[in-house]
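S.K.: what shape does this take:
(one chain, ligands or ions: 1)
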Amino acid sequence: MEQEEPKISEGLKGVYITKSSICKVDGEKGKLYFRGYSIESLAKNSTYEEVCYLLLYGKLPTRSELDDFTYKLREERDLPKETLRLIKKLAEKTDPNDLTRTAISSLSVLDKETTDNSKEANIQRSIKLISKTASIVGAISRYRTRKRYVKPDMNMTHAQNILYMISGKRPLDKASKLMDTMLILHAEHSTNASTFATLVTASTLAGIYSAVTAGVSALKGPLHGGADEAALEMMKEIGDPNNTEKFIEDELSKKERVMGFGHRVYKTYDPRARILKEYLENLQNDSNDEVKKLTQIAMRAEKLMVEKLGASHGIWPNVDFFAGPIYTWLGIPHEIFDPIFAASRMVGWCAHTIEYLDNNVLFRPLEEYIGKEDLEYIPINNRV
Ligand code: CMC
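M.R.: Predicted structure coming up:
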């Protein structure tokens, strides 16, 4: 009997791997929901702490549940001394994304019971991971430029504390609110590459630390979480807003990808990019010359890309395009963008791990072998 030709879905395009009630990405309508709530309503009305609760527990918290959860998150801000020492030793000579991954991996040092995969144990670990990843970002951003470590402040919100640990100064309310929104927008996004990597690792029952370390490793690449930094670098290279159109046209004629555009699922405007565009426009009266220039470049590049590739090719701005100028306004150096993304997304990776383990099936896809078979083994001295 002739064997059926295997059907290969490269990059798992269009393949469903599980059922989930965490996040819906509607790529046709440009809608995004976390546990049924639209991203627009969460960005407008919620806080990062509340969104973390929603993603982990599946419902919005009551006042006392949120207070309790917030308290637990704050209590977990300090880093183990081993992790802090590691960051201090490596920060000046290690890529911040690589060091974020290594430091997150080291957090298992706190945990004596890493084989306990129960939901309760993993929720407690998720709280630690969310909180401590933010402190890791703070520590890396200080030590990499030989600055004094700023200890976390237990009285600040999650967003305020990250900005405080990076800059050493108490942030203004406007900056804290904007940072909080950035964290919410990046908190979760269904089975993208990093979440899938997390699930593959979780499915071996390797434990949540290994799972999220796989996630943060996958996030780094410029096709995924590294795109915001790459998009900002492009804006800086354009330099003068009047160069924007020529630069983009040249890139497209060379068949280069313009970072911050295109998405595997959204074939229309990414709703997160729409929110960020509006935020960036609203910052203009309160921006320095650098951010003003970056904004003009971003707006001109977006207009041209949408005209050229939007409706015709389904290539629209994604969440990473406007993020760079906003982080710049917040005083966050571009090397720290991806670590910040990891800190925001930690909750999504954790929520997916917990959900998947409820009905775990080991990931073990197939590949079509196209190599040779039954070759004769030739001793090394007889080979030519
Ligand atoms: N600029 C120019 N052309 C593009 C772009 C882009 N940003 N994205 C896709 N294309 C073209 C691509 O060259 C290809 O053309 P052709 O068919 O002529 O070879 C066609 O569109 C399809 O590309 P693909 O890579 O097969 O499509 P995909 O759906 O797998 O791509 C993507 C998704 C994100 C990898 C891709 O759009 C891309 O490389 N974008 C730039 C990187 C980026 O912004 N990544 C962030 C993604 S969103 C946030 C996140 O997940 O972290």
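S.K.: list the helices and strands the strand or helix carrying Tyr164 packs on?
M.R.: Taking DSSP states H and E as the criterion, Tyr164 maps to helix 158-167. If you count contacts as 3 or more C-beta pairs under 8 Å, 6 or more residues apart in numbering; DSSP states H and E, helix 158-167 packs onto helix 48-57, helix 119-143, helix 173-185. Where you see a C-beta, it was placed from the backbone N, CA and C, and this is true even at glycine.
S.K.: just the buried positions in that helix, please.
M.R.: For helix 158-167, the neighbour count (16 or more other C-beta atoms under 10 Å) marks His158, Ala159, Gln160, Asn161, Ile162, Leu163, Tyr164, Met165, Ile166, Ser167 as buried.
S.K.: then stretch 213-227?
M.R.: In terms of neighbour count (16+ other C-beta under 10 Å), stretch 213-227 has its buried residues at 213-220, 222, 224-227.
S.K.: does that stretch reach the ligand?
M.R.: Yes: using C-beta under 6 Å from any ligand atom, a contact is recorded between stretch 213-227 and the ligand, made by Leu223, His224, Gly225, Ala227.
S.K.: wait, is the first one part of a helix?
M.R.: No: assigned with DSSP: H, G, I helix; E, B strand; the rest coil, Leu223 falls outside any helix and is coil.
S.K.: what's the pLDDT at the residue nearest to it when sequence neighbours are not counted?
M.R.: Excluding the flanking residues, the one nearest Leu223 by C-beta to C-beta, 6 or more residues apart in numbering is Ala193, at 7.7 Å. Per-residue confidence at Ala193 stands at 97 (pLDDT).
S.K.: contact partners for Tyr143?
M.R.: By C-beta atoms under 8 Å, 6 or more residues apart in numbering, Tyr143 lies in contact with Ile87, Lys88, Ala91, Glu92, Tyr149.
S.K.: turn the buried residues of helix 158-167 into JSON lines, columns for distance to the ligand.
M.R.: What follows is these, written out as JSON lines (distance: C-beta to the nearest ligand atom, whole Å):
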{"residue": "His158", "distance to the ligand": "21"}
{"residue": "Ala159", "distance to the ligand": "20"}
{"residue": "Gln160", "distance to the ligand": "25"}
{"residue": "Asn161", "distance to the ligand": "24"}
{"residue": "Ile162", "distance to the ligand": "19"}
{"residue": "Leu163", "distance to the ligand": "22"}
{"residue": "Tyr164", "distance to the ligand": "26"}
{"residue": "Met165", "distance to the ligand": "24"}
{"residue": "Ile166", "distance to the ligand": "21"}
{"residue": "Ser167", "distance to the ligand": "25"}
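S.K.: tell me the centre residue of the chain?
M.R.: Closest to where the C-alpha atoms of the chain average out (C-alpha atoms, centre = their mean) is Phe341, at 3.7 Å.
S.K.: what sits against that one?
M.R.: Counting by C-beta under 8 Å, 6+ apart, Phe341 makes contact with His186, Leu219, Gly225, Asp228.
S.K.: what's the closest of the residues you listed to Asn359?
M.R.: Proximity of these to Asn359 (C-beta to C-beta) peaks at Leu219, which lies at 25.1 Å.
S.K.: hang on, the closest one packs against Phe337?
M.R.: No: when contacts are counted by C-beta atoms under 8 Å, Leu219 is not listed as touching Phe337 (10.9 Å).
S.K.: the residue in the chain that the ligand sits nearest to: what's it in contact with?
M.R.: Residue nearest to the ligand within the chain: Gly262 (2.1 Å; C-beta to the nearest ligand atom). Taking C-beta under 8 Å, 6+ apart, we find Gly262 in contact with Ile315, Trp316, Asn318.
S.K.: please apply the same query to Pro339.
M.R.: Pro96, Asn97, Thr100, Ile136, Val137, Ile140, Ser141.
S.K.: out of those residues, who has the most neighbours?
M.R.: Comparing those by number of neighbours (other C-beta atoms under 10 Å), Ile136 comes first, having 30 neighbours.
S.K.: who are the contact partners of that one?
M.R.: Taking C-beta under 8 Å, 6+ apart, we find Ile136 in contact with Leu79, Thr83, Ile87, Thr100, Ala103, Ile104, Pro339, Ala343.
S.K.: what's the neighbour count on the second one?
M.R.: As a burial measure, the neighbour count of Thr83 was computed by other C-beta under 10 Å and equals 22.
S.K.: quick one: Ala187 and Tyr53 touch, right?
M.R.: No: if you go by C-beta under 8 Å, Ala187 and Tyr53 don't touch, sitting 11.2 Å apart.
S.K.: now the contacts of Phe341 in JSON lines, with pLDDT?
M.R.: Shown next, in JSON lines, are the contacts of Phe341 (pLDDT from 0 to 100):
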{"residue": "His186", "pLDDT": "98"}
{"residue": "Leu219", "pLDDT": "96"}
{"residue": "Gly225", "pLDDT": "89"}
{"residue": "Asp228", "pLDDT": "92"}
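S.K.: and of the residues you listed, the nearest to Val347?
M.R.: Closest to Val347, out of all of the contacts of Phe341 and judged by C-beta to C-beta, is His186, at 9.7 Å.
S.K.: in space, what's closest to the closest one - neighbours in sequence excluded?
M.R.: Closest residue in space to His186, ignoring its immediate chain neighbours: Ser344 at 3.6 Å, by C-beta to C-beta, 6+ apart.
S.K.: what pLDDT does that neighbour get?
M.R.: The model's pLDDT for Ser344 equals 98.
S.K.: is it true that it touches Leu183?
M.R.: Yes: look at Ser344 against Leu183 with C-beta under 8 Å: they come within range, at 4.6 Å.
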